[in-house]
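Participant: missing the sequence, but the structure's below:
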């Protein structure tokens, strides 16, 4: 039986059709007024969405962040007016009619695609196709993990997603599908807007896939309905909710642009305004005689009534929170606030002290694992994983059990060879809240998940990417596996913190920074090969400033700037230069972004006054390094792709050595003298 | 009936097992000697590969570029020793035993993963999973397109690919699968190394998919065999060849590391040497008593005999070439040599003259279409396409018919919403030869296909990416669709040419450069919004130098450097500055990479002497622009993500205006005075 009383929908005077038509009218009117947008999808899916919201969705418009609300993800983000109309109709206070009228205008809450943070009720930023489906998988996973930890009463919601053909054709969507099926996420219900149309025309132009068969092959429960028959849709959702051991796909046969007299069912309704005449014709055809943007009071009332029962359900839920054992309640609240336990700082300090004493020659990926062995027991909210490189990424710590189909009390996800879905799911996990996701692959394969990394950054989510094998230092696997341009490409993404720690101490510091940065995702680039410990004792998190003088003095006339595995080369070069009487300071620069945020005076001190001879070394492309070197500096690094061989040989082959650094510094000093 | 006589395999004294064991032994020995590599896959797939090469594959080791050879793609590139062993055994002259012994060492032809161009017989660079499958789809498509054009006698080969679980789990592999099924590529036969093992352990850790069902859902012919039963494998390949209307997947159940006494069937054989004892044990278990790297003469002879019949088949084929009508033969040879017809240059010139006269205010995407309307009729070898944005990317010209299932005489591919598979397939098309692929999506979605763009660059293939909607200038779709960091990220990729033309004339020039550059892929970034024609008449391809002074004089003390849609803003700023008595030269910079290749004197002339006030403007991230601006220049562009609104409003909001350019120049001039 449907959960929601939805009084409006049962009132004979306000029919399902009238409620759905309110969505259609708002969508076509807003697109028409903006002279830009996608009316076809909201008009086609209005019936399905009306059934979902009136009969099933658990939400409280007045408490849009209620942790146990059902999540509704509009993966087909171009249909944004569907979401905005629903938020307005059900009474989210910040989604006013004025905002609807300002659709797609600067500063409105109603951007072309739903933008997380612009209006409440927008659960995630969608538009790049398939991403929302990946997010929904992450949300559904987070729900299961939290339910396993805090109890089924506390955490007991569904995740619904509306997807289009594009979401299902995109690789990320397909990866997300097989991941969700494998994990048996029974509370994930995907409504497929099966309208047979994409931008280029009928989907038969570009695909011949049997979607239901494919989802069934991926361990999904599948069904097909007429998406314009509310009873069929209701029955299918009801049935899908009853299937608890598998996610459900409901293929809803719909007519894109439903109601448009001449354009319905065609690509012409997808991404352009219908046009004045067609809008008028749709009004006539739908039996919607009201002026643009006007929803008659009884219909609006019926919609508002849909949103109202959520408050009582939420109040019931608040009682559950209050009834939690105190330790659980404190942990729950701490997790929700995204605060970290106070035990973390001293534990990291102790780790750093130990490392400074023992000076291990660990690969930084190994250092990362050692840091995680400290972090994970203190932070029960972390959920780690890897895209089938667990032993290489060193992401699984000793006590982490895997999360499996039907058993969600673990904290580790074997994401499989699905970098893109891993990243998209991590966005969903972070958006869900209560869990901090981190996941690993090789740094070069950030390319495989870059669209999701971009969305982590755009949405400013605390997602931590553990990217190992971060240079030619990975050796024999060769150029396809050796990142060269990836650091530059990641540093170019706004809002993203890119860390490349030099040793175990910096690695621990970078982890702490990544965890404490609630408003940004982080990439931690880590070596495969061993590197010496270059830092000494001291509790200050020096990486927090992005770059600092590791050795030498601010007055030194030479700066050797390096990151990660090249810092120790700079240290060796410094020693060689000292023998020649050249005083050089070594700058370790684990994060460009954090360094950029420092005051100009600090930056000038670290980089040296004008006239300082600067040599930078990073086993990667020099693209962008002019920012720190100026036009006179020398960059020691890669100028093309890597090669296959022992890493020591590769460093020599490509001239990335302490000798080369020292020689470059000598040349510059001579030139300047 | 199998095509190949394969005398070796039928000689009772040299059994299939002996031949397959030669592969296994070479693989485990080479990995052991390198102390690095992946023995499991070659040992597991040795039987399947032996059947394929001895019974079916059409190839001539002495003419590895024979256009009508069957293509063999090792998509699971980590199993590179399988390929190297086969090339050595069948007698490719450059794959010597010495090369096998130098596996994974610098300068060898036997890199960790197969690298295109390192040794003949390596059809494509593989390793990043799923890419080879996408390449194979492109090759199989090119084969069909060329057969439709030149006749089934001239072009009559198969494309075989070996894929692993990773290839099938990756999104790109799944996109490629559905694309191939849709296009009905019956000569594509995929051999799935179904060993149930990935790096993290049994694939049951991370997937629950029914692969055969999924492929069947994507319109593939599917079968399953015991991959260690040569008769079963042979029958399955034979049957797959007989299915001509659909691609075929043959799931070969294999044991990874087959023959390893204690490690076979486990992830331990995947990515590490077996170890001395295990290698010795495998020798005993396989009945291979010979020393490391030694293949007894009868077995080597049997293998060499497999390669020999190809010469006669190739000679027969050469007769077909000779028998072609002269015009066809000339075109065939021209295409194979990658030369362009002589008619192209004057046609482009005529186009430029016309545009210089008419001065249209076209979006550069529209200019691109107009240029293609000139190019495509003269270059029958182009095959265009788009990832479901045909009307937006303007990639389909008037006379281009679509390529469809069973009908391959068209020249346009509706790739569907599969950017990644599109790019991977284009790599395969280019590698196949005889066809020049171009394909479009939005510039921001280069992120979706970046791993394949990287491989275009690494393999130095002439693949042309038509990337429209190249800035906030796309307007209302908002930040998810507005590229900001993509230009920087693409410019950071070695070997890739990134073009951003300013108007229709530069667009035509960039197209000509992209087509004439046989050794590099190109990205052409194009606007959605209209821009004025800024260039005047003149036949020189000024874009060829990457940057040039569009207006003003080399002696001018101000440089306004811009690309694409911001060049006309720089021109307007120049006029404003002139009114203030400030002489500014405008530099149009359509390609950083080409500019970098110019002599230092030319670059200095364009950028101005030290002390020149430089302002750069690009509606994108300034990441990397210090290269041209030095530390004193000013960049006008984006510092974060975009927004949703009318593009004119967005340009104002983000301060990318001619006023801002002029103001920055004035400030710099004042400071310097």
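Facilitator: It's in. This one's a predicted model, so the numbers in the text were calculated from it and none came from an experiment. Numbering: from 1, shown residues only, chains lettered A, B, ... in the order given.

Participant: The closest residue to residue A:119 other than its chain neighbours: neighbouring residues, count only.
Facilitator: Taking Cβ to Cβ, 6 or more residues apart in numbering or on different chains, and ignoring the residues beside it in sequence, residue A:119 has residue A:109 as its nearest neighbour in space, at 3.9 Å. Glycine gets a C-beta too; all of them are placed from N, C-alpha and C. Under the neighbour criterion other Cβ atoms under 10 Å in any protein chain shown, residue A:109 is assigned a count of 23.

Participant: where's residue A:486 relative to residue B:421, distance?
Facilitator: If you measure residue A:486 against residue B:421 using Cβ to Cβ, to the nearest Å, the figure is 22 Å.

Participant: These two: which is more packed in?
Facilitator: Using other Cβ under 10 Å as the criterion, residue A:486 and residue B:421 rank with residue B:421 on top: 33 against 29.

Participant: next structured bit after the one helix or strand that one maps to?
Facilitator: Counting by DSSP states H and E, the element that carries residue B:421 is helix B:419-432. Beyond helix B:419-432 in the direction of the C-terminus, DSSP H and E gives the next helix or strand as strand B:436-442.

Participant: residues making contact with that next one?
Facilitator: In this structure, residues lying in contact with strand B:436-442 by Cβ atoms under 8 Å, 6 or more residues apart in numbering or on different chains are B:138, B:379, B:381-387, B:389-390, B:392-395, B:413, B:415, B:419, B:422-423, B:425-426, B:429-430, B:448-449, B:462-469, B:474, B:481, B:483, B:515.

Participant: Next: stretch A:661-673.
Facilitator: Outside stretch A:661-673, the residues that touch it by Cβ under 8 Å, 6+ apart are A:557-558, A:560, A:562, A:569-570, A:573, A:576-577, A:580, A:582, A:584, A:611, A:613-615, A:617, A:632-634, A:636.

Participant: Tell me the buried residues in it?
Facilitator: Along stretch A:661-673, these residues count as buried under the neighbour rule (16 or more other Cβ atoms under 10 Å in any protein chain shown): A:661, A:662, A:663, A:664, A:665, A:666, A:668, A:669.

Participant: Next step: those residues restricted to helices.
Facilitator: Judged by DSSP state H, these include A:661, A:662, A:663, A:664, A:665, A:666, A:668, A:669 as members of helices.

Participant: By proximity to chain B, which residue of chain A wins?
Facilitator: Closest contact between chain A and chain B, by Cβ to the nearest Cβ, is at residue A:171 (2.0 Å).

Participant: That residue: neighbour count?
Facilitator: In terms of burial, residue A:171 registers 29 neighbours under the definition other Cβ under 10 Å.

Participant: In contact with it, which residues?
Facilitator: With contact set as Cβ under 8 Å, 6+ apart, residue A:171 has these partners: A:130, A:420, B:170, B:171, B:172, B:173, B:174, B:175, B:418, B:420, B:421, B:448.

Participant: Mind checking what secondary structure the residue nearest to residue A:119 has?
Facilitator: In the three-state summary, residue A:109 is assigned as coil, counting by DSSP: H, G, I helix; E, B strand; the rest coil.

Participant: Please apply the same query to residue A:614.
Facilitator: For residue A:614, the secondary structure call by three-state DSSP comes out as strand.
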